[in-house]
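> next input, structure requested:
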Amino acid sequence: MTAVEVAAVEVAVPAHAALGEGPTWDTRARRLIWVDVLGSRIHTYDPASGRRTVMTTEQHVGAAKPRAGGGLVVNLRDGVGLYGPADSGGSTTGATGATGATGVAGAHGVAGAAGAAGAAGAAGAAGAAGAAGAHGPAGPAGPAGPAGPAGGTGATGAKASAGAFRWLHREPVPGRRANDAAVAPDGSLWAGTMRYDEAPGGGTLSRIAPDGTVRPILDDVTVSNGTGWSPDGRHVYYVDSPTRRIDVFDIGDDQLPFGRRPFATVEDGFPDGLTVDADGCVWVALWDGGAVRRYTPDGTLDRVLELPVRRPTACAFGGADLTDLYITTARTGLTAPHPMSGSLLVVPGAGKGLPQPEFAG
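Numbering: from 1, shown residues only. Okay, the predicted model is just below:
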């Protein structure tokens, strides 16, 4: 029997993220990492101290995950890059400023917005065109942005510092951007992409090894989203949102997937980001469904957490004992978003999560 409950949700971090995504608990640093994809920002939150930081990236960022040696691996518009630890030297600045004119926001797109701060004392480059939404045209390129301070600062968060940046795998494709990503048990990154206009089959899912070697997994994806592994690592769950399915693959000895098949189908909204708990249950956020669902390992829906926001995007367990469920949310495309939309939410004591692996590169 499915238990439907109004979630005892709290606002962990009040924010106005256009497209919050990718919550990940960093066990080593005891903090939650999440991104605003279209705001080109990486956020961190330490629930013990309440400390929050914001770092600006040079491009739209689909995901940011901790690295085993410190720093972050990031899924950016043009590929996968690495930030070193904060004390590793090199460039620690955000991207140069860019301004795009208005384009109509779609399901996962947003109009061009004011660019992020650039390097201290340096003038921003000419603005790129505003990204097209699913139901709106791209905004035209904007003028050059003014000089900005180093790194990124949030309205309520401290400036985040980062080490040197370098590309691990760069593959720019016009009209395409990064979306969700996840670190596999073997320390590789499974990185997804999608078209800004959400054209069917325009996205991909690839495995990025720690040395930058790329192995295509899927090349006919529309909106690549949640990816997560069973506790024993023998299965991987995956979402291509427009299919309205969570699929499951077996994992071979070579750590590559095979035997794709439907695991669960969603009727209300679209499946987005997901996480797998210590019991092997799959939790998935429902875009335009206003809820997070939990499915048992056999695909049975057994729990629904109803939320006040229409567009939850992803979920992950965090906190010292991995029992608090953090949920990212979006405001993009909503004419009258709920006041919590765009914030990082938390449902204390929702379940029991698994420690997430770090990227080995």
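> just for this structure, where's the confidence low?
87-157, 159-161 (pLDDT under 70).
> go with 80
Low-confidence segments of the chain, defined by pLDDT under 80, are located at 1, 86-162.
> assumed residue 253 was part of a helix.
No. When DSSP: H, G, I helix; E, B strand; the rest coil is applied, residue 253 is found to be coil, with no helix at that position.
> what sits closest to residue 76 if chain neighbours are left out?
residue 59 (4.5 Å; C-beta to C-beta, 6 or more residues apart in numbering). Where C-beta positions appear, they are placed from N, C-alpha and C, glycine not excepted.
> do residue 316 as well
residue 23 (4.0 Å).
> go on, residue 212?
Closest to residue 212 by C-beta to C-beta, 6+ apart is residue 168, at 4.6 Å.
> about what we covered before: go ahead and confirm the residue nearest to residue 76 touches residue 40.
Yes. With contact defined as C-beta atoms under 8 Å, residue 59 and residue 40 form a contacting pair (6.4 Å).
> between these two, which has more neighbouring residues?
Neighbours per residue, other C-beta atoms under 10 Å: of residue 59 and residue 40, the larger number sits with residue 40, 24 against 20.
> and the more buried one, how far from residue 200?
26 Å (C-beta to C-beta, to the nearest Å).
> end-to-end on stretch 242-256?
Stretch 242-256 has an end-to-end distance of 24 Å (criterion: C-alpha to C-alpha, to the nearest Å).
> hmm, back to that, contacting residues around the residue nearest to residue 76?
Counting by C-beta atoms under 8 Å, 6 or more residues apart in numbering, residue 59 makes contact with 40, 76-78, 95, 177.
> show me what contacts the residue nearest to residue 316?
32-34, 273, 314-316, 318, 326-328, 344.
> just to revisit the earlier point, out of the contacts of residue 59, which comes closest to residue 249?
Using C-beta to C-beta, residue 177 comes nearest to residue 249 of the contacts of residue 59, at 24.2 Å.
> and the helix or strand harbouring residue 329, how far out from the chain middle?
For residue 329, the host element (DSSP states H and E) is strand 324-329. Chain-centre distance of strand 324-329: 12 Å, with C-alpha atoms, centre = their mean, to the nearest Å.
> what's the answer for stretch 177-186, then?
Distance, centroid of stretch 177-186 to centroid of chain: 9 Å (C-alpha atoms, centre = their mean).
> go ahead and confirm residue 279 touches residue 352.
Yes. Counting by C-beta under 8 Å, residue 279 does reach residue 352; the two are 7.2 Å apart.
> and residue 324, how far from residue 3?
19 Å.
> neighbour-wise, which of these two wins?
Of the pair residue 324 and residue 3, residue 324 is the one with more neighbours under other C-beta under 10 Å, namely 22 against 10.
> residues in contact with the more buried one?
47, 317-318, 346-350.
> kindly recompute the last result at 6 Å.
Residues in contact with residue 324 (C-beta atoms under 6 Å, 6 or more residues apart in numbering) are 318, 346, 348.
> generate a PyMOL selection restricted to the buried subset of those residues.
With 16 or more other C-beta atoms under 10 Å as the criterion, this PyMOL line picks the buried residues out of the contacts of residue 324:
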select buried, resi 318+346
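> just the helices in the protein please.
For the chain, no helices are identified by DSSP state H.
> quick one: contacts for residue 277?
351-353.
> what of residue 293?
With C-beta under 6 Å, 6+ apart, residue 293 has these contacts: 284, 301, 304.
> what sits opposite it in the beta ladder?
Legend: beta-bridge partners of residue 293 under DSSP bridges are residue 284, residue 304.
> residue 249 now?
Bridge pairing for residue 249 - DSSP bridges - gives residue 236.
> run a quick neighbour tally on it.
Count around residue 249 with other C-beta under 10 Å applied: 21.
> can you tell me how far it is from residue 354?
For residue 249, the distance to residue 354 - C-beta to C-beta - is 18 Å.
> returning to what we had before: show me which of the contacts of residue 277 are buried.
Buried members of these, counted by 16+ other C-beta under 10 Å: 351, 353.
> closest to residue 184 among the contacts of residue 277?
For the contacts of residue 277, the nearest to residue 184 is residue 353 (16.6 Å; C-beta to C-beta).
> just to check, residue 172 is in contact with residue 77?
No. The criterion here is C-beta atoms under 6 Å, and residue 172 misses it with residue 77 at 7.4 Å.
> so if I had to pick from those two, which one is more boxed in?
Neighbour count, other C-beta under 10 Å: between residue 172 and residue 77, residue 77 has more, with 21 against 11.
> you'd agree that one is up against residue 60?
Yes. Using C-beta under 6 Å, residue 77 is in contact with residue 60, at 4.7 Å.
> how much space separates the closest residue to residue 68 other than its chain neighbours from residue 292?
The spatial neighbour of residue 68 that comes closest, neighbours along the chain excluded (C-beta to C-beta, 6+ apart), is residue 358 at 4.3 Å. Between residue 358 and residue 292 the computed distance is 25 Å (C-beta to C-beta).
> how about residue 262?
The value you get for residue 262 to residue 292, if C-beta to C-beta is used, is 20 Å.
> quick one: which of those two has more around it?
Neighbours were counted for residue 262 and for residue 292 using other C-beta under 10 Å; residue 292 has more, 28 against 11.
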